[in-house]
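In: model the following, please.
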Amino acid sequence: MKNLMRILRAGALLLLATACGPAVPAVDPAAYEAEILEWRAERIASLAAPTGYLNQVGLFWIGDGSWSIGSAVGSDILLPASAAASVGELRVSADEIRLVVDDGAEVLHDEASVSELAMPPDVSGEVVMVRHGSIAWSVIERGGKLAVRVRDFEHPWLASFGPIPYYDVDPELRVEAILHRYDEPREIVVDTVIEGFQQFPVAPGTATFVIDGVKYELEPQLSGDKLFFVFGDQTNRDETYGAGRYLYADMPGDDGTFILGFNKAKSPPCAFNDFSTCPVASPRNRLPIRVEAGEKYDEALHFKGLVTR
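Out: Sure, this is the predicted structure:
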């Protein structure tokens, strides 16, 4: 019955578009559903990739000084039990972040054994990841602060994860939006899931769009050649992740218009692990309606493992 209603609604939209002119270019419902199903498959593959979110097992904040690495209790950067008790240390200064490996411990970078290695943070444009057995780590920088992110490529979560629950594909929630640019892009302050930790992305303007005849507004961030929306809605109370969801859109054309496809709304990384630094939806980006499209939240898919420090 639900599928029948969706087909009837899609047909009604096509008739309305013919009579009044569409607010957004019409799409074939079957082709659009196939597009969304392909996106979902790509989404699962990205989550399970070596740089995805399903293999993360630790996050450790660091500053200037020497930081011990290993599985021994008391290690500053605590690795899973499969790692050696002591692997080495990370030496952090204003000039460099350098990994120094213990004698007898094997650490690989690009499949070559290393005894020392500079490990700049990911904001440098290069992710330097090293591996010890199935355990890997890299340095990240968020909001001007440094942390070590630890992964386990043989994490049992990789085999048991899924499936992600979704709302039914709804072509009505593929809407045309207009970007109203600020005179100059501006830095904004965004809270994260880590209390007291903020990020400072750049917003190009505000985006307006219409759902069920009502106009709404969101403030996107710039993310490479995309617009990045961190938004909340009333489904966060019961069916989607409480801190909000993420949505990417192509940059608008000269007329400022672009497509917001809410069927591609996805849960943030922190919906899947405790080791991410996710920005959360700001009060101005919380919609007063239920956006029943995209990913739902299932607490059973959230991994809680090593502690964060």
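
In: which strands or helices does whichever strand in the chain runs longest pack on?
Out: Criterion DSSP state E: the longest strand present in the chain is strand 174-187. Judged by 3 or more CB pairs under 8 Å, 6 or more residues apart in numbering; DSSP states H and E, the packing partners of strand 174-187 are strand 202-211, strand 257-261. In short, each C-beta sits where N, CA and C put it, glycine included.

In: what angle sits between the helix or strand just after the first one and strand 202-211?
Out: Once strand 202-211 ends, the next helix or strand along the chain (criterion: DSSP states H and E) is strand 214-218. Between the direction of strand 214-218 and that of strand 202-211, the angle (axes from the mean of the first three to the mean of the last three CA atoms, to 10 degrees) works out to 160 degrees.

In: parallel or antiparallel, list what pairs with strand 214-218.
Out: strand 202-211 (antiparallel) (DSSP bridges).

In: remind me which residues of the stretch 1-150 of the chain are low pLDDT?
Out: 1-25, 124 (pLDDT under 70).

In: helices of that one, start to end?
Out: Using DSSP state H, counting those that start in this stretch, the helices found in the stretch 1-150 of the chain span residues 2-20, 29-48.

In: how many neighbouring residues does residue 181 have?
Out: Neighbours of residue 181 under the rule other CB atoms under 10 Å: 12.

In: in this structure residue 258 contacts residue 229, no?
Out: No - using CB atoms under 8 Å, residue 258 is not in contact with residue 229; the gap is 11.2 Å.

In: the two: which is more packed in?
Out: The neighbour comparison of residue 258 against residue 229 (other CB under 10 Å) goes to residue 229, with 23 against 19.

In: so who does the nearest residue to that one once chain neighbours are set aside touch?
Out: Closest residue to residue 229 apart from its sequence neighbours, by CB to CB, 6 or more residues apart in numbering: residue 247 at 4.3 Å. Neighbouring residues of residue 247 by CB atoms under 8 Å, 6 or more residues apart in numbering: 228, 229, 231, 260, 261, 262, 264, 265, 266, 294.

In: what are the buried residues along the longest strand of the chain?
Out: 174, 175, 177, 178, 179 (16 or more other CB atoms under 10 Å).

In: again, but for stretch 158-177
Out: Burial within stretch 158-177, assessed by neighbour count using 16+ other CB under 10 Å, is assigned to 161, 164, 166, 167, 169, 170, 171, 172, 173, 174, 175, 177.

In: mean confidence score for it?
Out: The predicted model assigns stretch 158-177 a mean pLDDT of 93.

In: ok, back up a step: gap between the one helix or strand the residue nearest to residue 229 maps to and the chain center?
Out: Using DSSP H and E, residue 247 falls within strand 245-250. From the chain centre to the centre of strand 245-250 is a distance of 10 Å (CA atoms, centre = their mean, to the nearest Å).

In: got the angle between that strand and strand 174-187?
Out: Using the same axes, to 10 degrees: strand 245-250 against strand 174-187 is 90 degrees.

In: next, the angle strand 257-261 makes with strand 245-250.
Out: Using the same axes, to 10 degrees: strand 245-250 against strand 257-261 is 140 degrees.

In: residues contacting residue 262?
Out: 170, 173, 174, 175, 247, 291, 293, 294.

In: hmm, back to that, tell me which of the helices and strands packed on strand 174-187 is the most buried.
Out: Mean neighbour count, computed with mean count of other CB atoms under 10 Å, is highest for strand 257-261 among the helices and strands packed on strand 174-187, reaching a mean of 19.

In: list of residues touching that one?
Out: 24, 173-179, 207, 209, 227, 229, 247, 249-252.

In: now with 10 Å?
Out: Taking contacts as CB atoms under 10 Å, 6 or more residues apart in numbering, the residues outside strand 257-261 that touch it are 24-25, 27, 32, 35-36, 39, 171, 173-179, 207, 209, 211, 216, 218, 220, 227, 229, 231, 247-252, 293-294.
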